[in-house]
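> Predicted coordinates and the sequence they were generated for:
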Amino acid sequence: MLVVRNKEAVAEGVVSLTLARPDGGRLPDWAPGSHIDLILPGGVTRQYSLCGDRWDAHAYRVAVLREPDGRGGSAQVHDRLAVGDLVGVGGPRNNFPQVPSHGFLFIAGGIGITPLLPMIHQAELLGADWQLLYGGRTRASMAFADDLARAHGERVHLVPEDEYGLLDLASWLGRAVPDRKVYCCGPAPLLAAVEQHCAHWPAHSLRTERFTASELTAPVHQTPFEVELRRTGRTVTVTPDISVLQALRGAGVDLLSSCEQGTCGTCLTTVLDGVPDHRDSVLADHQRAANDCMFPCVSRSRGDRLVLDL
């Protein structure tokens, strides 16, 4: 359990939380792109990117957008969570790692700025060439925008939609730049647009992170299939109406999970045989092609049998 040491508004509809151990002790290290599970009173669990100083071993910082159409987690953070309250924390985990590069283009939409803040700091430390393209509904709604502009000047390009319209992705991504990585986080339409504009870039130039799950199509295999648990020798039947995770739990397998929507990465499981039907929003294309892991909360099987390292 961690204690809320500070809570403050950092933009319209956005609050930041600073979390620490009650005894002031050291927290687990993390790298840019990492997130934690925030387990709120009542058992509600949500994932938030770490956006503070990774070199501060005694505090985590996250920022939470109030989502009126959400499932209640953000409202609980905004309206009920107070300084001094205790919250459970899982992780950190990193599904959005920053890889070495001579140059970076960071693209943020709204609260998608949070995982990019530590990446910007890391790029500065390494002397990499970088720029930030940051869009939001209004200037007042863009968390940390003023701090970024003051600290980094012309490297930061703020694009409030009510002033300038949507991000001009064609200008920024129309020409592939050698040895530059593009990191993007934000709402699904922005991610889809960036992926389209980066289609002609070299493989693995683009990395994205989603706060909401991709829209799922129908499973490839729509009849029951078997899942063999190699460590125990047991076999579990997965019917079309339940997930692999639900089938495993029904058989008494205690597999850690969190979002159960294929976005957090908690339930990653090694695949020893068979071909998964990947339906998550975490794995990159080359990771999916390897077929050596899957997220059983949403992914299924392309054939009649999967063998998992469980």
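Good, I have the coordinates. All of these numbers come straight from a predicted model, not from anything done at the bench.
> Flag every buried residue along the helix or strand of the chain with the lowest mean pLDDT.
Ranking every helix and strand in the chain by mean pLDDT, DSSP states H and E puts helix 285-290 at the bottom, with a mean of 87. For helix 285-290, a neighbour-count test (16 or more other C-beta atoms under 10 Å) marks Arg288 as buried. All C-beta atoms are positioned from the backbone trio N, CA, C, and that covers glycine.
> Kindly report the same for stretch 181-189.
Buried, per 16+ other C-beta under 10 Å, within stretch 181-189: Lys181, Val182, Tyr183, Cys184, Cys185, Gly186.
> Same question for the closest residue in space to the fourth one that isn't next to it in sequence, what's its three-state structure.
Right, the one you point to is Cys184. Once flanking residues are discounted, Cys184 sits nearest to Ile107: 4.1 Å by C-beta to C-beta, 6 or more residues apart in numbering. Secondary structure assignment for Ile107 (DSSP: H, G, I helix; E, B strand; the rest coil): strand.
> All further residue positions should be reported with the first residue as 164.
Let's use 164 as the start, then, which means that last one is Ile270.
> From what I see, Ile270 and Leu354 are in contact.
No - under the criterion of C-beta atoms under 8 Å, Ile270 makes no contact with Leu354, lying 9.2 Å away.
> Give me the more crowded residue out of the two.
Legend: neighbour count by other C-beta atoms under 10 Å for Ile270 and Leu354, higher for Ile270 (30 against 23).
> need the contact list for that one.
By C-beta atoms under 8 Å, 6 or more residues apart in numbering, the contact set of Ile270 is 295-297, 330, 332, 335, 345-349, 353, 357.
> Could I get the full set of helices for this structure?
Here the chain has its helices, by DSSP state H, at 236-242, 279-289, 308-315, 324-327, 332-336, 351-360, 407-413, 448-453.
> need those helices in TSV with distance to Val434, can you?
As requested, the helices of the chain are arranged in TSV below (distance: least, C-beta to C-beta, whole Å):
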stretch	distance to Val434
helix 236-242	31
helix 279-289	30
helix 308-315	41
helix 324-327	42
helix 332-336	34
helix 351-360	25
helix 407-413	11
helix 448-453	9
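> so where's the protein uncertain?
When residues are selected by pLDDT under 70, those of the chain lie in 233-234, 375-377.
> Domains of it: list them as residue ranges, please.
By the assignment in automatic domain parsing, the chain contains the domains 165-256, 266-372, 388-471.
> and the spatially closest residue to Arg465 that is not a sequence neighbour, how many residues sit next to it?
Nearest non-adjacent residue to Arg465, counting by C-beta to C-beta, 6+ apart: Val438, 4.3 Å away. Using other C-beta under 10 Å, Val438 is surrounded by 15 other residues.
> Val438 against Asn454, yeah?
Yes - using C-beta under 8 Å, Val438 makes contact with Asn454 at a distance of 5.4 Å.
> circling back to that earlier point, which of the helices of the chain sits closest to Pro191?
Nearest to Pro191 among these is helix 279-289 (14.9 Å), distances taken as C-beta to C-beta.
> Hey, what's the angle from that closest one to helix 308-315? Just curious.
Using axes from the mean of the first three to the mean of the last three C-alpha atoms, to 10 degrees, the inter-axis angle of helix 279-289 relative to helix 308-315 is 0 degrees.
> helices or strands up against helix 279-289?
The contact analysis (3 or more C-beta pairs under 8 Å, 6 or more residues apart in numbering; DSSP states H and E) places helix 279-289 against strand 266-272, strand 292-299, helix 308-315, strand 343-348.
> Save these as CSV, and put in distance to Ala183 too.
Output for the helices and strands packed on helix 279-289, formatted as CSV (distance: least, C-beta to C-beta, whole Å):
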stretch, distance to Ala183
strand 266-272, 26
strand 292-299, 28
helix 308-315, 21
strand 343-348, 25
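> That concludes my questions; thank you for your assistance.
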